[in-house]
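Peer 1: Build me a structure from this.
(2 chains)
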Amino acid sequence: AQSVAQPEDQVNVAEGNPLTVKCTYSVSGNPYLFWYVQYPNRGLQFLLKYITGDNLVKGSYGFEAEFNKSQTSFHLKKPSALVSDSALYFCAVRSGSARQLTFGSGTQLTVLP
Amino acid sequence: DTEVTQTPKHLVMGMTNKKSLKCEQHMGHRAMYWYKQKAKKPPELMFVYSYEKLSINESVPSRFSPECPNSSLLNLHLHALQPEDSALYLCASSQDRGPTGELFFGEGSRLTVL
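Peer 2: Below you'll find the model as predicted:
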């Protein structure tokens, strides 16, 4: 079985401040981890993924995420938030043996000007 | 071309109507997906096609009928829907069904069932 938790429904941050969106996971075997972003009335867009190798993964729009195996976490980060980063963020996980991807419940990020 | 194109963007239908949602990708991807998404919720997998064959049906009611005419096209035929079927329907594709590939999503078709 696999699962992913996004403990915060809502994250508010001031423009220019660093942002973190939290994600923890549970899988049997090696995890493959993904972050997607969804802007209002749009589909999901892929931001970044961790498959293997370097624990710090860099993705689109200045986002990065750190894979922490001991804490089973894959938090999304950005050094300086933009108002345009305001969106719904989904973490997702899949193990090698799983049939499909499992999405977290989503975190609404609001960047305040 | 890294796009997944979905039509129509909006659809309103009565419970007795028959309609179809269409999805197209030209990235050479061999896996295509239909997801259903309610507002502010994660997408829920409905169907997966791999190399044009249905590989996953997540116990979706028969009023939803998928079709994959070729490797670039995916349809979702709708018949006798219920108001609770109103949602955003997302099509996605990936290189194949392997676990490491990311999904490319379309903009979605917003369905309202009256």
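Peer 1: Give the bridge partners for residue 111, please.
Peer 2: Assuming you mean chain A. Beta bridges link residue A:111 to residue A:13, judged by DSSP bridges.
Peer 1: should've been chain B
Peer 2: Beta-bridge partners, per DSSP bridges, of residue B:111: residue B:11, residue B:87.
Peer 1: Check residue B:24 too.
Peer 2: Bridge pairing for residue B:24 - DSSP bridges - gives residue B:5, residue B:73.
Peer 1: Please tell me how far it sits from chain A.
Peer 2: Noted for residue B:24: a distance of 14 Å to chain A, by Cβ to the nearest Cβ, to the nearest Å. Heads up, the C-betas are built off the backbone N, CA and C, glycines and all.
Peer 1: now residue B:99
Peer 2: Distance, residue B:99 to chain A, by Cβ to the nearest Cβ: 5 Å.
Peer 1: for the chain, what spans make up the strands?
Peer 2: Just going to use chain A. A:3-5, A:10-14, A:19-21, A:24-26, A:31-38, A:44-50, A:56-58, A:64-68, A:73-78, A:87-95, A:102-103, A:107-112 (DSSP state E).
Peer 1: hmm, I had chain B in mind actually
Peer 2: With DSSP E as the criterion, chain B has strands at B:4-7, B:10-13, B:18-25, B:31-37, B:44-50, B:53-57, B:64-70, B:73-79, B:87-94, B:104-105, B:109-113.
Peer 1: and these as CSV, adding distance to residue A:101, mean neighbour count and mean pLDDT?
Peer 2: Converted to CSV, the strands of chain B look like this (distance: least, Cβ to Cβ, whole Å; neighbours: other Cβ atoms under 10 Å in any protein chain shown; pLDDT from 0 to 100):
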stretch, distance to residue A:101, mean neighbour count, mean pLDDT
strand B:4-7, 16, 18, 97
strand B:10-13, 26, 14, 96
strand B:18-25, 17, 19, 97
strand B:31-37, 9, 24, 97
strand B:44-50, 8, 19, 96
strand B:53-57, 11, 13, 93
strand B:64-70, 18, 15, 96
strand B:73-79, 17, 19, 97
strand B:87-94, 9, 24, 98
strand B:104-105, 12, 22, 97
strand B:109-113, 21, 18, 97
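Peer 1: thinking again about what came up before, residue B:54: which of the strands of chain A is closest?
Peer 2: strand A:87-95 (19.6 Å; Cβ to Cβ).
Peer 1: So which elements touch that closest one?
Peer 2: strand A:3-5, strand A:31-38, strand A:73-78, strand A:102-103, strand A:107-112 (3 or more Cβ pairs under 8 Å, 6 or more residues apart in numbering or on different chains; DSSP states H and E).
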